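**Q** Below are the sequence and a predicted model for it; my questions follow.
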Amino acid sequence: MESQDKVIVPFTPDEVTSDLLSNILGFKVDPTTLAIAPNSYEGKGFLSNLLRVVCTKLGSTQKINLIVKLMPQDPVFRDILVSMEFDKAEILGYQKVIPALIAQVPEFGNYVCPFIFGKFTESERGYGSFLVLEDLKPLDYFTLDFGEDLTQFQIEEGINFLVKLHFAGGLVEEAEGKPLSQLFPFLLPGGDGITKISECCKSGMPEGFPQVFQLLSNSSSQVREAYTSLQSTIGDIIVNVFQMAAEFPSLIHADLWTNNILFNNDRMRHTKVIDWQIISYRDATVDLAIFLISSLSTREITIENVPSFVQKYYNLYQKTCLEKNVSHLVRRNWVEFLQYFNTVGLSFATIWLISSVFSFIGKNDERLIRIFEFFYEAGVISWMANLKK
């Protein structure tokens, strides 16, 4: 078999063959058992062509279950992926960042979907990339779509994951004596991490704002007017928010909503986090805000209740640092951290949701409306509107 370095990147599902998988897995795959399920996310805005693959080793009956991520077939989404280099970030994240995190915090590995192979290349066929992971669905792992309620245990698992991610990132910096952005420059695409990702967010706003206004048609005039005040200056607001999120940077997933988490009802199995395409170096409150507003139930999303979950994260992170004798990694007191969550974190979550709202429309509109009203009640919309270029 050829070495993995010589594996040719497939562009279409037809090119995912038993010979290709044999080169990746290191043993001969029985071609008669190869079964490939087509992309179930086609047309839903996902930046990949996701295949479920089942095969067996030649001479064995034990099934091997794989996820293969190819370039998206839709040319619009493919152009976004290539220009933003999201696929490169995910592959390099699995190859370089995650192993460094596990070396510092071994239990962090419990939260990562097993990585098998990843490659991106430019050839006479043009740019291509693909990623191979273990498919955990046969092990009873599942995702929850937007609007589905999480149990308290599932929310706690998400908070535990974020604490371990942010803590492990800090330990890597300690061990190497350099910020993560120097160790892994791809965490800041475009040089400063602002240009490319902020442009991507801005590209979703022309479609996002009209849908937000439609959702809020029965809300109070004050709420509708607040969002209207953002529309004309949203580009400058996004750049300012991204810059402010760099004051206390941390390794972040940056897209931690429920469809990027694999849950399991067996409490002996940790949740697994997937889709590291926009892994970044920004404020930890970004991760926390996106996770909480996408995970808490409609009745839980209140200005009285949300801070209690923020404090659970803060207390656990502080406790973890104290136990490992690195209390200096707690760089903000509770009041300062909550202030950042209420401004930088929630503004990031607002931008994230407006720019991608088309993906969530129709799944639980009551909950969507509640989130947008919560942003207004929490004061983050007026805070964003007051940001100057």
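**A** Received, thanks.
**Q** Backbone torsions only: list them for the nearest residue to residue 266 once chain neighbours are set aside.
**A** Spatially, and ignoring its direct neighbours in sequence, residue 266 is nearest to residue 140 (7.0 Å; CB to CB, 6 or more residues apart in numbering). Where C-beta positions appear, they are placed from N, C-alpha and C, glycine not excepted. Dihedral pair for residue 140: phi 70, psi 20, per degrees, to the nearest 10.
**Q** And residue 140, how close does it get to residue 263?
**A** Separation of residue 140 from residue 263 (CB to CB, to the nearest Å): 9 Å.
**Q** In what element of secondary structure is residue 64 found?
**A** Using DSSP states H and E, residue 64 sits within strand 63-70.
**Q** which residue ranges form the strands in the stretch 251-389 of the chain?
**A** For the stretch 251-389 of the chain, strands defined by DSSP state E, counting those that start in this stretch occupy the ranges 261-262, 272-273, 280-283.
**Q** what's the closest of those to residue 244?
**A** Closest to residue 244 of the strands of the stretch 251-389 of the chain is strand 280-283 (CB to CB; 7.9 Å).
**Q** Now the closest one - C-alpha only, CSV.
**A** Extracted in CSV, the C-alpha atoms of strand 280-283 (Å, rounded to 0.1, in the frame of the first residue of the first chain):
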residue,chain,number,x,y,z
SER,A,280,-9.7,30.4,17.0
TYR,A,281,-7.7,32.4,19.5
ARG,A,282,-10.2,34.8,21.1
ASP,A,283,-12.0,35.5,24.4
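**Q** what is the rounded mean pLDDT of it?
**A** The average of the pLDDT scores along strand 280-283 is 94.
**Q** so how far is it off the chain centroid?
**A** Here the centre of strand 280-283 is set off from its chain's centre by 12 Å, with CA atoms, centre = their mean, to the nearest Å.
**Q** picking that back up, separation between the residue nearest to residue 266 and residue 104?
**A** Distance check for residue 140 against residue 104: by CB to CB, it reads 30 Å.
**Q** So these two - more neighbours on which side?
**A** When neighbours are counted by other CB atoms under 10 Å, residue 104 comes out ahead of the other of residue 140 and residue 104, with 18 against 12.
**Q** tally of neighbours for the closest residue to that one other than its chain neighbours?
**A** Of all residues not flanking residue 104 in the chain, residue 171 sits nearest, at 4.0 Å (CB to CB, 6+ apart). Residue 171 has 19 neighbours, counted by other CB under 10 Å.
**Q** what do you get for residue 233?
**A** Neighbour tally, residue 233, other CB under 10 Å: 15.
**Q** Check what pLDDT it gets.
**A** Residue 233 carries a pLDDT value of 91.
**Q** quick one: it and residue 189, what's the gap?
**A** Noted for residue 233: a distance of 24 Å to residue 189, by CB to CB.
**Q** can you check residue 58 too?
**A** 41 Å.
**Q** now do residue 340
**A** According to CB to CB, residue 340 stands 23 Å off from residue 189.
**Q** Outline the domain layout of the chain.
**A** Domain ranges of the chain: 4-134, 141-385, per automatic domain parsing.
**Q** what about the last one, how long is it end to end?
**A** So the one you mean is domain 141-385. Using CA to CA, to the nearest Å, one end of domain 141-385 lies 41 Å from the other.
**Q** going forward, begin numbering at 724 instead of 1
**A** Got it, first residue is 724 now, which makes that one domain 864-1108.
**Q** Report the distance from that domain to the chain centre.
**A** Averaging C-alpha positions (CA atoms, centre = their mean) puts domain 864-1108 9 Å from its chain's average.
**Q** Now do the strands in the stretch 774-923 of the chain.
**A** Ranges of strands in the stretch 774-923 of the chain, per DSSP E, counting those that start in this stretch, are 786-793, 838-846, 849-857.
**Q** Tabulate those (TSV), appending mean pLDDT and distance to residue 818.
**A** Formatted as TSV, the strands of the stretch 774-923 of the chain follow (pLDDT from 0 to 100; distance: least, CB to CB, whole Å):
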stretch	mean pLDDT	distance to residue 818
strand 786-793	96	14
strand 838-846	92	6
strand 849-857	93	10
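**Q** among those strands, which is nearest residue 753?
**A** Closest to residue 753 of the strands of the stretch 774-923 of the chain is strand 786-793 (CB to CB; 10.0 Å).
**Q** just to revisit the earlier point, wait, which of the strands of the stretch 974-1112 of the chain is closest to residue 908?
**A** Closest approach to residue 908 among the strands of the stretch 974-1112 of the chain (CB to CB): strand 1003-1006, 9.7 Å.
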